[in-house]
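S.K.: Coordinates for the following, if possible.
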Amino acid sequence: MRIETFLKESPMFCIARSARRFDALTTRLLAADDLNFLEALILATLFFESPTAIKPSQLAETFATTRGNVSHCISSLEAKNLVQRKIDPDDARAYHLTLKPQGRKTAVRVIGALDKLQRSFEHKVGKPALQSALRVITSLAE
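M.R.: Residues are numbered from 1 along each chain as shown. Okay, the predicted model is just below:
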């Protein structure tokens, strides 16, 4: 098709296509734990930030998504018995998130899987090239 020349030079198309492929990859990677990528990131964050109390609004800001998306993921993680909400003692309208014991175990598995994937990317293209690509993508996104 004639549009293929345009697509080969289009950063937007390349990034969108890559995003779909990465979505499929993370879906397979996280299938055993029945998680999506954002849920996995939330578990990893709670694991690494513990014992610091984390609010959903912080997660939404950090992951550049909506509070609604984060709320949906938290409800899903609660239903899977991985996290629990605790009322913020300083603000009854807010709550903090903590990992339950099974959530901690799952977070360790998820972190290991994501770390292994990161190492495979670095091995494939080299760490400097990967960091350079991330700078370019971030620059284009801004």
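
S.K.: Distance check, L140 against T65.
M.R.: Note on L140: its distance to T65, by CB to CB, to the nearest Å, is 19 Å. From N, CA and C alone the C-beta is placed, and that goes for glycine too.

S.K.: helix or strand right after the longest strand seen in the chain?
M.R.: Secondary structure of the chain per DSSP state E: the longest strand is strand 91-99. For strand 91-99, the following helix or strand on the C-terminal side (DSSP states H and E) is helix 101-125.

S.K.: Just the mean pLDDT for the very next helix or strand once past that next one, thanks.
M.R.: Following helix 101-125 in sequence order, the next helix or strand is helix 127-141 (DSSP H and E). Across helix 127-141, the average pLDDT comes to 91.

S.K.: Output the contacting helices and strands for helix 127-141.
M.R.: helix 11-30, helix 101-125 (3 or more CB pairs under 8 Å, 6 or more residues apart in numbering; DSSP states H and E).

S.K.: ok, back up a step: residues touching the longest strand of the chain, excluding its own?
M.R.: By CB atoms under 8 Å, 6 or more residues apart in numbering, the residues outside strand 91-99 that reach it are 42-43, 46-47, 50, 53-57, 59, 74, 82-88, 107.

S.K.: now swap in stretch 19-30 and tell me
M.R.: Residues contacting stretch 19-30 (CB under 8 Å, 6+ apart): N36, F37, E39, A40, V110, A113, L114, L117.

S.K.: before we move on, which element is the fourth one in?
M.R.: Spelled out, that is A40. Assigned by DSSP H and E, A40 falls in helix 37-49.

S.K.: Return the set of buried residues in the helix-or-strand element of the chain with minimal mean pLDDT.
M.R.: The helix or strand of the chain with the poorest confidence is strand 91-99; it has a mean of 80 (mean pLDDT, DSSP states H and E). By neighbour count on 16 or more other CB atoms under 10 Å, the buried set for strand 91-99 is Y95, H96, L97, T98, L99.

S.K.: try stretch 34-45
M.R.: Neighbour-count burial for stretch 34-45, counted by 16+ other CB under 10 Å, picks out L35, N36, F37, L38, E39, A40, L41, I42, L43, A44, T45.

S.K.: No further queries at this time; thank you.
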